[in-house]
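Asks: Please find the sequence and the predicted model below.
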Amino acid sequence: MADGARTLVAGVDSSTQSTKVVVCDAATGEIVRSGRAPHPDGTAVHPDRWWEAYTTATADGLLEDVSAIAVGGQQHGMCALDESGEVIREALLWNDTRSAQAARDLTDELGGPQEWVRRTGMALVPSFTVTKVRWLADHEPENAARVHDVVLPHDWLTAQILKQGNGFERYTTDRGDASGTGYFSSTSDSYLPDLQELALGRVFGVPHVLGPHEVAGRTDGGMVVGPGTGDNAGAALGLGLRPGDVVVSLGTSGAVFADADQPVADPNGLIASFASASGGHLPLMATLNAARVLTAAAQLLGTDLDGLDRLALAAEPGAGGLTLLPYLDGERSPSLPDATGTLGGLTRSNATPENLARAAVEGMLANLVSGVSDVRRLGLPVERVLLIGGASASRAVRAIAPSLFGVPVAIPAPGEYVGLGAARQAAWVLSGDDAPPAWTVTVEETLDPPSDDDGGSVLERYATLLETVHGS
Ligand SMILES: Nc1ncnc2c1ncn2[C@@H]1O[C@H](COP(=O)(O)OP(=O)(O)O)[C@@H](O)[C@H]1O
Ligand SMILES: O=C(CO)[C@@H](O)[C@H](O)COP(=O)(O)O
């Protein structure tokens, strides 16, 4: 199928807050049309809500003449299915911290964090699927007894697309998303049934892992469905990273990641050794607190996001000594699932809306700077930061980021890079070529760190407050 002379492909980003769909020219990646729909708030969501959002986002013929589609999805969420494929309970999302004790128990039972790093490439935090499976076994034994398969959000949505007709054969996934479960090794590219058993007391069904450009199925209308991937791996594919690029994604989660040829196991357990969507690896650090720290700060100050930008930009760098530890939803990196936000250094003279706004932006970014430092510590080159995700549109974020990251910050042209990555994968699957099509990404501007830099003192105060409050 084609739109006039061109072949069209679609990419879906089913992320935490919404579903976004882009339809692109398969040859160039040019976006021809797009759609979106919101998801409900909350850290436990019934997968049907994602299907409803997908249906809304693709209404009015959005997918007309589309030849191939692939889904990028929020990582780690536990979609537990019974024998007949019915969803057993609301999916527990990556940002649901109720499995904190399960993460501690599993860590101890296997012999400590190093053993998890050795087996799976990551030290356990409550985000990872395996901890949610253990939570289910501990807290909802009746539901646990019904579990036949556990699939991830993008696996479930891929299956739903195929189930609308006769295209569904079996649940599928890719190594990018499978590598975030906690029962898959991105080094050996295989599931680890003993870790499934450790979590649930028995081995459960898992999706078949497809290659980076393997076909998952075909819809009745003849649309080819790609393997899909996790949202961060999707964004990496959409951006077409080069050596020295580190992505900082400011969505619901904050994420820091880079492409790597080899698995990158972090002895400190701060960077997870995920797989990428292109056959390589994707060392990644993620936080629970990013874009919504700014929304919360705006709410606190009785303004909107634009107003927050104006206030933050009116303050001096360093916010007059005000420092925010932005752990409003608990935190994953550092691993402090029960933490709350902390405002430090408050005095009568610095207690202004401007300083509070600036402290929110500085604190949110400072937490991600540590991820970039960890990428560097692991020996990967860090030449520039690519800033993406909803909050990369913030003027204050753009102004403050170069000083804190200490390297040039490139702002790719506004775009849905997860959706674009999924669309690029769809085009790859369709072509049958060995490599994805060469789509070009435009960088809107590159911001250099200032020479008279205050970033260091902001980061030092952040580290001191973290040490004082949490001792780490
Ligand atoms: N100009 C802006 N300044 C700050 N935050 C913004 C701006 N525009 C959008 N956002 C935030 O971006 C977030 C959505 O980003 P997105 O990357 O789509 O998230 P996710 O992929 O997690 O669903 C929302 O929390 C929204 O408030
Ligand atoms: O947990 C992670 C990565 O490990 C998150 O990055 C999720 O994948 C959610 O992403 P967004 O919805 O915030 O883009």
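Replies: Nice, I can see it. Numbers count the residues shown, from 1 in each chain. Ligands and ions are numbered 1, 2, ... in the order given.

Asks: contacting residues for residue 381?
Replies: Residues near residue 381 by CB atoms under 8 Å, 6 or more residues apart in numbering: 243, 244. For glycine as for every other residue, the C-beta is placed from the backbone atoms N, C-alpha and C.

Asks: That one belongs to a strand?
Replies: No: assigned with DSSP: H, G, I helix; E, B strand; the rest coil, residue 381 falls outside any strand and is coil.

Asks: mind showing which ranges of this structure have poor pLDDT?
Replies: Where the chain drops to pLDDT under 70, the residues are 1-4, 454, 472.

Asks: List, one by one, the residues from it near ligand 2.
Replies: Neighbours of ligand 2 within the chain, by CB under 6 Å from any ligand atom: 15-16, 74-76, 94, 127, 180, 230-232, 251-253, 255, 284, 286.

Asks: domains for this protein, by residue range?
Replies: What automatic domain parsing lists as the domains of the chain is 8-231, 240-407+442-472.

Asks: and stretch 47-58, which residues are buried?
Replies: Using 16 or more other CB atoms under 10 Å as the test for burial, stretch 47-58 gives 47, 49, 50, 51, 53, 54, 56, 57, 58.

Asks: ok, so of those, who is nearest ligand 1?
Replies: residue 53 (10.8 Å; CB to the nearest ligand atom).

Asks: counting contacts, what elements does the helix or strand where the closest one lies pack onto?
Replies: According to DSSP states H and E, residue 53 maps onto helix 47-57. Contacts defined by 3 or more CB pairs under 8 Å, 6 or more residues apart in numbering; DSSP states H and E place helix 47-57 against strand 8-14, strand 18-25, strand 31-38, helix 153-163.

Asks: which outside residues touch that helix?
Replies: By CB under 8 Å, 6+ apart, the residues outside helix 47-57 that reach it are 12, 14, 18-21, 35-40, 79, 87, 91, 153, 156-157, 160-161.

Asks: filter those down to the ones near ligand 1?
Replies: Answer for the contacts of helix 47-57 near ligand 1 (CB under 6 Å from any ligand atom): residue 18.

Asks: If any of the contacts of helix 47-57 are buried, put those into a PyMOL selection.
Replies: Of those, the buried ones go into a single PyMOL selection, burial set by 16+ other CB under 10 Å:
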select buried, resi 12+14+18+19+20+21+35+36+37+39+79+91+153+156+157+160+161
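
Asks: and the longest helix along the chain, what does it pack onto?
Replies: The residue-count maximum for a helix in the chain (DSSP state H) belongs to helix 353-377. Secondary-structure packing of helix 353-377 (3+ CB pairs under 8 Å, 6+ apart): strand 245-250, strand 254-257, strand 281-287, helix 291-300, helix 305-314, strand 323-325, helix 395-405, helix 455-470.

Asks: tell me the angle of it relative to strand 245-250?
Replies: Per axes from the mean of the first three to the mean of the last three CA atoms, to 10 degrees, the angle that helix 353-377 makes with strand 245-250 is 140 degrees.

Asks: quick one: the helix or strand following helix 353-377 near ligand 1?
Replies: Using DSSP H and E, the helix or strand that follows helix 353-377 in sequence is strand 384-388. No: judged by CB under 6 Å from any ligand atom, strand 384-388 makes no contact with ligand 1; its nearest approach is 7.6 Å.

Asks: then strand 384-388 to PDB, C-alphas only?
Replies: Output in PDB follows, covering the C-alpha atoms of strand 384-388 (Å, rounded to 0.1, in the frame of the first residue of the first chain):
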ATOM      1  CA  ARG A 384      27.300  15.700  23.600                       C
ATOM      2  CA  VAL A 385      24.000  15.300  25.300                       C
ATOM      3  CA  LEU A 386      20.900  15.000  23.100                       C
ATOM      4  CA  LEU A 387      17.900  16.400  25.000                       C
ATOM      5  CA  ILE A 388      14.500  14.800  24.100                       C
END
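
Asks: Good, wrapping up.
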